[in-house]
Every structure is written in structure tokens, then in C-alpha cells.
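J.: sequence-free structure coming up:
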């Protein structure tokens, strides 16, 4: 009996102890967040960041875009890496690591900023997973790259700085580049009149859709380049009926599409755009923003797709094939038509060329169903913003890093591109920088490269080319000199490559940028994924003939009822607020 | 010998056909992956490979063998299964022993069993789990992969039931000969439950080998990923609608199916080679636990 009592006592003590620990955790959880931030893993960070804080007063008086911190400060980051970075950059540079490389040394020597990574994750999806968990548990680095949704969450929880003040630190070059894509990226990151994120410069124009066609097949059947939708249907019909790969099987897919419907390869945006329908984006109509997917213009292309499916011009199994799976068809010579973005020649079409040296592809502008020109829907260029944690004592450090990155990558006078951007033995070395500002020269960066290398490609004289243009010239040139492994580069940056079509779009102003560029609204956060699922389902059903087009009207009603109406209201409230 | 009746013959034939079909379902994907890994890259991209390599080549293995990341992660995984497996087994053995006793000789036994059992039903959740690991300093160490799952409760319950089937007389005889609990456990119980222990070891090893999510969440550097976390970064399909301004240049690089296949295949090899050695205990270990219960 005595032993029983002893056990009982132990049990009670244990239980009480557990209870207390639980309460204790809840109690000081909040302070611990801050603590952990500064102490970090090795405990050194705290001392340094405190040391920096003392100098804050003097520092902030004079505004120097390249001012050096003395003593140096430590700034924490998180980042992601990928296979390309590991195999193209790090493995080719002796002794360089993500934590310690020419960029970290550069920032430390020139700016007195020591970059330290709290963590590094590999892969986009893995990064997001780790990011969400780490942020939710209060582990926010000093400077962090986020998307709009995350930016808004951080701002709403009062975890990040208003960054308007640090804009004063921009160098002239940086100022020029960062504003070259217009005000939208800044508008998007402004909540309640305060700017919370510095955008990464990018262009949405590269996301415009093109029609990719197997040109060796076009020639064989004497078909001209498509001018109208009917031309395109004729091409699809001819390809499907004539067994172009000559294997005696009826296995040619007409228009390759993937189950995602909206996709950079084998998507349908370009197809719908040809009917003046703009699925899955917000567009302006009579001064109001409306959702493209529920507009009446959607009906006609849907009816046409259903007809094509019925008649065998679409893959019967498209609803279960993602982009990677669909890519098997062109690679094995079973498909010669799809809509996609400018990079498609690099992947997956290069594989077709590898398998069959006679295969040739070219991009063509999207065609319109009527006399009206077809506009290409594109997203806002910027998709990433840098935010600064409230715990950070030197928010302007971000801008200084921006300035320095731009100087090393985009300053034509300095000509340091081959060291810091695309080193000859390590292409893409710029990715090692903890802060990546995005494209130079904004809106037309890739386009500008295509324009710059066009003439040299004709003459074969690369003199005066520098930077990425020089690198791209080299790739295309290798194809022109007979190396088929670079065929894909010619398809995109070559004289008649896909960028020549984007150039046409640009010249004729055939872009239609998404009009809603704000952060997701509250109802959007709650309902949009459900609505998208519903939309995806109904579109697939209509195309496969399982639902008639009349169901589309019911879908519009349901869409509005299940949150769409509220979202439209919120989106328009935002729209009015920006005017 | 009794001659099989007609009905039995029919049963045997259908049963065999069914079992063969079922095992093919398990086997074919592995063969397919092996075939892809030995094929040329362009044939694989075109989806021409079924169950036999097309344009046989060792290129992808060549590539993988030179990949530091792959071997580093393999090293982490091997360390994890040795450390994790032994800790799992040690704790399983010493926890199952007292819990297999009667309430009479171990007061509040039922309470303790429930205490363990509850953890299989509820857990703190992802974010509290992360915070805990972070605050107690386990983050980014191998221990973050081992300690949270150090007590495999399911295995404990299996072993506990197995211990209970061991005749009490053995234990009593040991006590009479002067053995204490510790000696009884290691000299009597452990040697008599080898089949169960072998099976549980296999469970523990496979569990450690296959888990990837904890590696992804708790590790702060890709160099510390165990093999399965690393493989997850390799095999996951890129979202083509989100290909960014610069990323499309990398698409060619990362979409090589043969290399993925080679890494998956190599990744499965070590644990596949453990199987045959432990398998002979497999059926005995688990079934014995259930029928005599």
C-alpha cells in the first residue's frame, strides 16, 4: 500500500508540473519571440545589433545611399535555393557557399552589412512551407522577401516597418530602375496609405501567350502562318488528320492543353484572349472592375472547345494531365500546336528537337475570332516584395543593398556584370545575393535584350554587347553555328524568336494588364480558392461535354452567391481608393 | 494427403491470379522507375519508356554519383536510421516491459498506458511543434528528427501485447533464481521476443527512412536534409503557371526525368536491402501477437 501512495504522489506532482509548464509557455511566449530573434542560434547577434543601435542617431542624420555601417551590423535573412543554383553556380566556384560568397563579402566591405541566414530551404514549395511555419511561430528575419498576401498579413499584425522613409536612400540608378515599371508595384504594397514593401522589379509582358506551331509540319502541308482563328483550326485539323509523325497511328493531339487550363505551357489564356475573354483576372469594364471568368465573352470559346473535344481535336484525357505530362506529346512528335509563354522553346520543345532533329517550332502572335485585335492578358510584373521586420534597427540597410546590387548588375559604366551577374564560369551568380532586386531597366528588360542582340546576330559581331545580352547572344550564336543543343535559345531570343512576337505585341500595345493589383481582399482570402475550384470544375465539364453551356449561366449565379459578389464589391472599393 | 476439391482448386487459381495481379501493381512502378533511370533523357521526356529502358545509358547515374547533395543527404538519412532506430527500439523495449505487467504489480499501469496512447490521438500541431523544437534548441540538428518520435507508441503497444503472451512461469522462475526486473527483461523477455523485435525494428527503420516533412520543417540548411526531404525537392513538379522571369531558364535543367528516377531508385535501395534479412520474422512477429491475445 505504501508503494501505491508513493506512485500516487509522484503522479500528482507530475500532473501539476505539466500544468504549470503549459501555463508558463503561454505567458512568456510573446517576449520570447523577440528574444530569440536577437539572440539567434549562436548568441552573437544580440551584441552586434545592440552595438548598431547606439549609432542610429548619427546615422540617420545624413542620407548616404552607400553609407557604410561602422561598426558593421548584422542583418538576418531567409532564402531559398534550387538545383540550378547548386549545380550552375556553387559547384563551379571553389570555396563559395550560400552563407559566404562574393556578395556577402561585397555587402560587408562596402556597406558594413553582415548577412546571416536564419534558414535556407530548397525549392519554391518547400520554402513556402517552411516560411509559413517559421513566420507563424514568430521567427521573422530582419529583411524578408514575401508575396502580397504575406505582406498584408505581416503589415496587419504590425510586424513590419513602414518603408516610405527608406525610399530617400535610393541611388539615382536604383530610383530609375525601380520606378521603370510604373506605380503599380508600389500601389500594391501600400495599405492605409503606408508603404510596407519594396518591390522586386519585373515585367509581366513575358507572360503573354503565343501560339507555338511545328513549322516543319506547316511547310510539309503548305499551310500559311495563322492570321485568324479559322486558319488555326485548319492547321489543327490538318495535323490531326494527316498523321504528321508518320507512325500510322491516329495519335496526333490537336491543340495541347493541360488540366490546369491556365498555364505557362499548354494553357488556354491565349485561346480565350482570341475571343476577347480574359479568364481568371480582373478587368475594367465601364469604370468598374469585373471578374473575367464570369463575363459573357467566355461562352463562345467554351462552346468551341467543347466542339473540338467532341471532334477529337483535344486530348481526350487532358483533364488528368498536368503540364509536365502534356509535354510528352510534343517531345515525342505527337503534337504540333499549343498556346504558351515565350520560354516554351527551351522547355519542353527542346526535347522534341533532341529526339527529332527535323522538328522545328516557331511562336506566332495569338489570333482573333473577329476583325478586332486580340489583347494579351498579363499579370503585374512584380511578384515579390521585401519587407523589414519591426525588430530591425536599420531599415535603410535594405535600400543600400538594393543600390549596391543594381550598381554591380546594371550600371553600364562600371561594366562589372561579368563578375557579379553572369560570371563566365558560373552563370547566374547574382542569385547568391541575399537581396535580389529583379530585372534591370524594368518593363522591357528581356525585350531590350532581344532588341540589342538582333543586329549583332545578323552581322555576327558581338562588340559593344555586355551583360545578359552578351550571354544570350552567345547561346543563340551557338545554335546558329550548328549546336542543336541551343536550338531552344534561338526559339526565344533568336531574330525570329518568341520575343520578336512580344516586341510586336508591345509595339501595337496589345497587352491588357490585370486591373486588380492590390493584396487579396478578406473575402478573397476566405472564398477565392473555393470559387476557383468551382470555376475549374465547370469549365472542364463544359469542355468535356458533360455539362451543356447553359450550366455556365448557373455557374455565374453560384459564383456571385458564394462570395463572388462580395469580392467584386471589395475589389471595386479598392479600385475607387486608388483613383 | 487430401485431394483438393473442385471448389478449392477454383479458389486457388483465382486467389493466385489475384495475388499475382496485386503484387504486379506494387512491382511495376518500381520497374518503371528503374527503366526510366536507365533511359536517355529525351526518350523519357517524350514518355516512350514503359518497363524496359529506351536507348540504354548510365548518364543519369553518372550524374547522380557526382552529386554531392545526394550523398550528403544519404549520409544524414543513414545517421538518422541508426540513431533513431536504436533509440526507438531501446525505448520501445523498456517502456513495453513495465506496461505489460498486471495492475497488481504496477499500480496506475492503465493510467500510464493511456498517457502514452493519448499521444497517438492528439498532438500539439505543426506550429507549436516547431516552436517547441526551436526554443529548446533542437532546430537544425539531427535530434529534431529523432527525439519528437522517439517513443513509437504503436510499436510499444504491439510489443506490450507480445510480452503478455510470454508464459508467466518463465518470469517467476527467473525471479526465484534471483533475477531482478532489469535482468528478467534483458535475459528472458528480449531473447524470447526476437521475431517481434525484428519486425518492430523494420517498422522503425522504414518510418525514419521514409519521413520527409520533419526534415523540411526542422532543418535550416538544405545540406542537413535527410534523403527523402532532398528527394522531395527533386521530384516535385514545378507549377508552370508561376514560372518567374528568370526561372524559365532553369526549367530545362530541373525537369530531367531520368535523373529524378535514378535518385528515387537509389534512394529506395538501402531500405530494400534490409528487408530480406528481417522479413523472415515479419509474419511470425505480428501474427503471434494477435492470435493468442
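T.: Cool, the structure landed. On a predicted model such as this, the values are computed, not experimentally measured, just so you know.

J.: residue B:51 touches residue B:32, doesn't it?
T.: Yes: between residue B:51 and residue B:32 a contact is recorded at 6.0 Å, counting by Cβ atoms under 8 Å. Quick note: C-beta positions are derived from backbone N, CA and C, even for glycine.

J.: more neighbours: these two, which one.
T.: Taking neighbours as other Cβ atoms under 10 Å in any protein chain shown, residue B:51 and residue B:32 compare with residue B:32 leading, 15 against 11.

J.: quick one: the helix or strand where that one lies near chain A?
T.: Residue B:32 belongs to helix B:6-37 when assigned by DSSP states H and E. No: judged by Cβ under 8 Å from any Cβ of the partner chain, helix B:6-37 and chain A are separated, with a smallest distance of 12.1 Å.

J.: return the list of helices and strands in contact with the following helix or strand past that helix.
T.: The helix or strand immediately downstream of helix B:6-37 is helix B:41-45, counting by DSSP H and E. With contacts defined as 3 or more Cβ pairs under 8 Å, 6 or more residues apart in numbering or on different chains; DSSP states H and E, the packing partners of helix B:41-45 are helix A:328-331, helix A:349-355, helix B:257-291.

J.: which residues does the following helix or strand past the shortest one contact?
T.: In this case it means helix A:328-331. Downstream of helix A:328-331, the next assigned helix or strand under DSSP H and E is strand A:335-340. The contact list for strand A:335-340, computed with Cβ atoms under 8 Å, 6 or more residues apart in numbering or on different chains, reads A:209-214, A:217, A:232, A:235-236, A:239, A:244, A:252-257, A:263-271, A:326, A:329-330, A:344, A:366.

J.: on that earlier part again, switch the helices and strands packed on helix B:41-45 over to JSON lines; also include distance to residue A:578, mean pLDDT and mean neighbour count.
T.: Below are those laid out as JSON lines (distance: least, Cβ to Cβ, whole Å; pLDDT from 0 to 100; neighbours: other Cβ atoms under 10 Å in any protein chain shown):
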{"stretch": "helix A:328-331", "distance to residue A:578": "42", "mean pLDDT": "91", "mean neighbour count": "24"}
{"stretch": "helix A:349-355", "distance to residue A:578": "40", "mean pLDDT": "88", "mean neighbour count": "24"}
{"stretch": "helix B:257-291", "distance to residue A:578": "45", "mean pLDDT": "76", "mean neighbour count": "17"}
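
J.: can I get those in JSON lines with distance to residue A:119?
T.: Output for the helices and strands packed on helix B:41-45, formatted as JSON lines (distance: least, Cβ to Cβ, whole Å):
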{"stretch": "helix A:328-331", "distance to residue A:119": "36"}
{"stretch": "helix A:349-355", "distance to residue A:119": "34"}
{"stretch": "helix B:257-291", "distance to residue A:119": "23"}
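
J.: got the residues of the stretch 301-450 of chain A near chain B?
T.: Residues of the stretch 301-450 of chain A lying near chain B (Cβ under 8 Å from any Cβ): A:322-325, A:327-328, A:331-333, A:341, A:343, A:346-348, A:350-352, A:354-355, A:383, A:428, A:438-439, A:446.

J.: contacts for stretch A:517-526, please.
T.: For stretch A:517-526, contacts defined as Cβ under 8 Å, 6+ apart pick out A:148-149, A:151-152, A:184, A:187-188, A:191, A:380, A:528, A:563, A:566-567, A:570-571, A:574, A:578.

J.: distance between the ends of that stretch?
T.: Using Cα to Cα, to the nearest Å, the gap from the first to the last residue of stretch A:517-526 comes to 18 Å.
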